[in-house]
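*Asks:* coords below, sequence missing:
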DNA sequence: AAGCGGGATACTGTATACAGTTTTGATCGG
DNA sequence: CCGATCAAAACTGTATACAGTATCCCGCTT
């Protein structure tokens, strides 16, 4: 009963009115827009305009923004509010380093625990993937990528790792969306290689491939390639380098 | 007696009244209590009681709880509110795996970028640390540990990595607080080894030592030592809360 | 005695209100 | 024309209000 007078908030799309955690719904909506590029990096996300547009009060929006901030795709500054995260080259490098490492761990874990049922799923993904090429529709490619990652995460079975990697993927996704198109084929070949290593149970290889895959996608040199600092070479104390 | 005939917000310690981001202050307060064990794992953290106790309204408390939830030391369930995170053995294992990997990366990065000024700082920490033993006051030990970690993070200079590692440290801290006492000396020796490797610029070694250090502290076999694909259960979905 | 309503209670989710701070914009002086 | 100044507008931070849900306790039924 008591059908509330709908005066307060009745306009706009009424994304509210759902009986689920509103903040999450709102977060999903905003995340989607960010990842789709409808909100540009650096753009400010004021609470009130958003709340009006989505037809909810400021509180769920505020909470959603904090959520996204925890995911790293939004930045909240003390008395300035939220804006879409935009990463300086330095930070991109940082993100990639960490993500490469964790994707490596993920693949290694997956390979270690390979069980028959899961392997079957992987085989299927490999098969489907081989049909992908540069002209494949973007959404199909993305769907396949998503399946690849999900399957690997499922097998690795480390929820802590999963959530961190996912966050890193979102953050880098903002950046590499462009290049990914051109790398479609290599991309898939690399995925394939990783899957094969996992299927074979070769943890070491799977890890290395996954790590390198991230660096490749970022078109960035791997950690090992970058630093000649401590190379093979008899240990001659700490070598300061003037260069 | 639904009457709250008290002046709006006048009692309690008045942690508010600061002109800084209240939610952060509150988060700090709660975090401290959790890490100090004043809130036990699993204990529920209702918003209203907390807000009364801290002398602020529910909103900053709510926000603080979400913050802590992002850090992983608090869990927020849809219509049940927040409670102190409590990890099942399975998840502890997961946390350790990830943390070990990231601490390894951190040490490797630090070793790679070793610059003279920073190295001097490390030398000092090594020197101070050598005076530590089982009877050293806990706070001193903790301070030294903190310095160790901070210095390493500073040198590694990867802010993304830093924040993730820090979160993982907090989460595991809840668990290993106990054992750490007994391991004081080994602990320090291991730190020392890591620092020496970093000072020498031996990235490979520093990484391995740091990774192993985490597994040791957790008294858990390293990834490599675990029997590959030994025990495997069909991946139970999620642990439902019964009762 | 043990399970079953039924309601009081305690909290969470969301909305609204208001004070205090940035940000913006426009006016005035150089 | 450009820069400084000040006030209005736009937002954030925090408080309070209220509806809707989980919880818990207690008496009732079998």
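*Replies:* Perfect, I can see it now. Bear in mind the structure is a predicted one, so any value in this text is a computation, not a measurement.
*Asks:* quick one: what helix or strand has residue A:90 in it?
*Replies:* helix A:89-112 (DSSP states H and E).
*Asks:* Give the buried residues for that helix.
*Replies:* Neighbour-count burial for helix A:89-112, counted by 16 or more other C-beta atoms under 10 Å in any protein chain shown, picks out A:91-112. Where C-beta positions appear, they are placed from N, C-alpha and C, glycine not excepted.
*Asks:* Show me how far that helix is from its chain's centre.
*Replies:* Helix A:89-112 sits 11 Å away from the centroid of its parent chain (C-alpha atoms, centre = their mean, to the nearest Å).
*Asks:* next one: stretch A:49-68
*Replies:* What separates the centre of stretch A:49-68 from the centre of its chain is 23 Å, taken as C-alpha atoms, centre = their mean.
*Asks:* before we move on, the earlier item: downstream of the helix holding residue A:90, the next helix or strand is which one?
*Replies:* Once the chain leaves helix A:89-112, the next helix or strand it forms, by DSSP H and E, is helix A:116-129.
*Asks:* How about the contacts made by the residue most central in space within chain A?
*Replies:* When chain A is reduced to its mean C-alpha position, the nearest residue by C-alpha atoms, centre = their mean turns out to be residue A:169, at 1.6 Å. By C-beta atoms under 8 Å, 6 or more residues apart in numbering or on different chains, the residues touching residue A:169 are A:99, A:149.
*Asks:* on that earlier part again, anything in the helix holding residue A:90 near chain B?
*Replies:* Yes. Judged by C-beta under 8 Å from any C-beta of the partner chain, helix A:89-112 comes into contact with chain B through A:91, A:94-95, A:97-98, A:101-102, A:105, A:108-109, A:112.
*Asks:* Just want the angle from that helix to helix A:116-129.
*Replies:* For helix A:89-112 against helix A:116-129, the angle by axes from the mean of the first three to the mean of the last three C-alpha atoms, to 10 degrees is 130 degrees.
*Asks:* now the strands: where do they sit in chain A?
*Replies:* If DSSP state E is used as the criterion, the strands of chain A fall at A:44-45, A:74-77, A:81-84.
*Asks:* Format the ones you listed as a markdown table; extra columns: distance to chain B and mean pLDDT.
*Replies:* Formatted as a markdown table, the entries for those read as follows, by distance: least, C-beta to the nearest C-beta, whole Å; pLDDT from 0 to 100:
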| stretch | distance to chain B | mean pLDDT |
| --- | --- | --- |
| strand A:44-45 | 17 | 98 |
| strand A:74-77 | 10 | 97 |
| strand A:81-84 | 12 | 97 |
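*Asks:* Tell me which of those strands sits most buried.
*Replies:* Mean neighbour counts were taken over those using mean count of other C-beta atoms under 10 Å in any protein chain shown, and the top value, a mean of 20, falls to strand A:81-84.
*Asks:* So which elements touch that one?
*Replies:* Based on contacts counted as 3 or more C-beta pairs under 8 Å, 6 or more residues apart in numbering or on different chains; DSSP states H and E, the elements that strand A:81-84 packs against are strand A:44-45, helix A:58-71, strand A:74-77.
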